[in-house]
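In: need the 3D shape of this:
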Amino acid sequence: MIALTSPDTPRVVTEWLRFINSGDRALLDELLDESATFYSPAVFTPQQGRDKAAAYLLAAEKMFSGTDFTYVSQWYGERSAVLEFRATLDGIVVEGVDIIHWSDAEKIVDFKVMIRPLKALQTVIPKMAELLAPSGS
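Out: Presented below is the predicted three-dimensional model:
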């Protein structure tokens, strides 16, 4: 995975990109606030709490690992960022954005993913479902 940083990159985003490039659960756990909420492009209900948010983010990292996933643009606000990404899964181009908000303590409190086009979302949903399924089932 490719993730670029610059001197303007907020520390939270730099740490997020370190996680994306490594898949290191400890980095993710350190980055997520205990009350973090994950908003999936495929699940209506927000996933609340560090453990649920981490499960989705770890599954996404695993799903895109070994693909051509890359962040192509980044925008920053006060304690927020929008990271535009692109990847290819099963021959389908997936485009999307990660919208991240963090606290004064530099912990991620909200993480929202949006994906386009519909065919890309239809490709992502079953892969994520498989990765999120309880082991042994």
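In: can you show me the helices along the protein?
Out: 11-22, 25-31, 50-64, 118-132 (DSSP state H).
In: nearest to L83 among the ones you listed would be which one?
Out: helix 11-22 (7.2 Å; Cβ to Cβ). Glycine gets a C-beta too; all of them are placed from N, C-alpha and C.
In: where does pLDDT dip in the chain?
Out: Across the chain, the ranges flagged by pLDDT under 70 are 1-6, 135-137.
In: again, only this time at 90
Out: In the predicted model, the chain carries pLDDT under 90 at residues 1-8, 42-44, 134-137.
In: any idea which residue is closest to the centre of it?
Out: L57 (5.1 Å; Cα atoms, centre = their mean).
In: so who does it touch?
Out: Contact analysis of L57 by Cβ atoms under 8 Å, 6 or more residues apart in numbering lists 19, 28, 32, 38, 111.
In: again, only this time at 7 Å
Out: Counting by Cβ atoms under 7 Å, 6 or more residues apart in numbering, L57 makes contact with 28, 38, 111.
In: run through the bridge partners of the last one.
Out: For F111, the residues forming beta bridges with it (DSSP bridges) are F38, I100.
In: any idea how far it is from T88?
Out: Applying Cβ to Cβ, to the nearest Å, the value for F111 to T88 is 23 Å.
In: what do you get for the first one?
Out: To T88, L28 is 24 Å away according to Cβ to Cβ.
In: who has more neighbours out of those two?
Out: When L28 and T88 are compared for neighbours, L28 comes out ahead with 23 against 14, by other Cβ atoms under 10 Å.
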